[in-house]
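**Student:** Based on what follows, work out the 3D shape:
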Amino acid sequence: MKHDPSPAEPVFGFLTVIQDASAGMLGGLLIVNRRGRPLEFHCTAPVAPSRAEEILFGPTLRPHFFSERIGAALLAKASAAMAVVFVHQRDAWGVAEETSVPVVLVEAATSEETNATPLLDHVDEAERANVEQLLAELTRYVDLAEPFERIVDAVREAGLVGSGPIEDSSEAGHAEAA
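**Tutor:** The predicted structure follows:
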């Protein structure tokens, strides 16, 4: 799915990796305009690390697959020039090293908060003010956690994962999406 936004309108990418017990890991990238309307959607085929990769990569396996293998491949597929890329998994945050686009980690809302919290730790100091301005514009229309749900739903609809619970690996933990 591709749609050309107006040249001056910033666009935003939402990238997630889904783990399915039977299918393996697969990623999705939803690119939206400032009002949260979809412009592009890309997903990878499911991939599973080999036993040798599990042994050799050890605790760095998930960050490697999420950022370097899946995340980088999805960003390379995008035709829209994104102003910011959002991830909601710490293991995918390393995709910031694979792109010149600022990458923001979206942390899930706590019981006291109603909206997800963006973390700008990997955003270059020179770009921070611009990213904060873009965030203010986007969050007028979009709850930052919601596009990740759309990605999971689209991947399910495409039949790439089963209908049972899947692990979306939100944050640093292993949350399950229904």
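
**Student:** Residue 31 pairs with what?
**Tutor:** Beta bridges link residue 31 to residue 13, residue 40 when assigned by DSSP bridges.

**Student:** Residue 83 is in contact with that one, correct?
**Tutor:** No. Between residue 31 and residue 83 there is no contact under Cβ atoms under 8 Å: 10.4 Å. Backbone N, C-alpha and C define where each C-beta goes, glycine included.

**Student:** Mind listing the shared neighbours of those two?
**Tutor:** Common neighbours of residue 31 and residue 83 (criterion: Cβ atoms under 8 Å, 6 or more residues apart in numbering): 11-12.

**Student:** neighbour count winner among the two?
**Tutor:** Of the pair residue 31 and residue 83, residue 31 is the one with more neighbours under other Cβ atoms under 10 Å, namely 26 against 21.

**Student:** Tell me how far the more buried one lies from residue 144.
**Tutor:** Distance from residue 31 to residue 144, counting by Cβ to Cβ, to the nearest Å: 15 Å.

**Student:** Same check on residue 131?
**Tutor:** In terms of Cβ to Cβ, residue 131 sits 13 Å off from residue 144.
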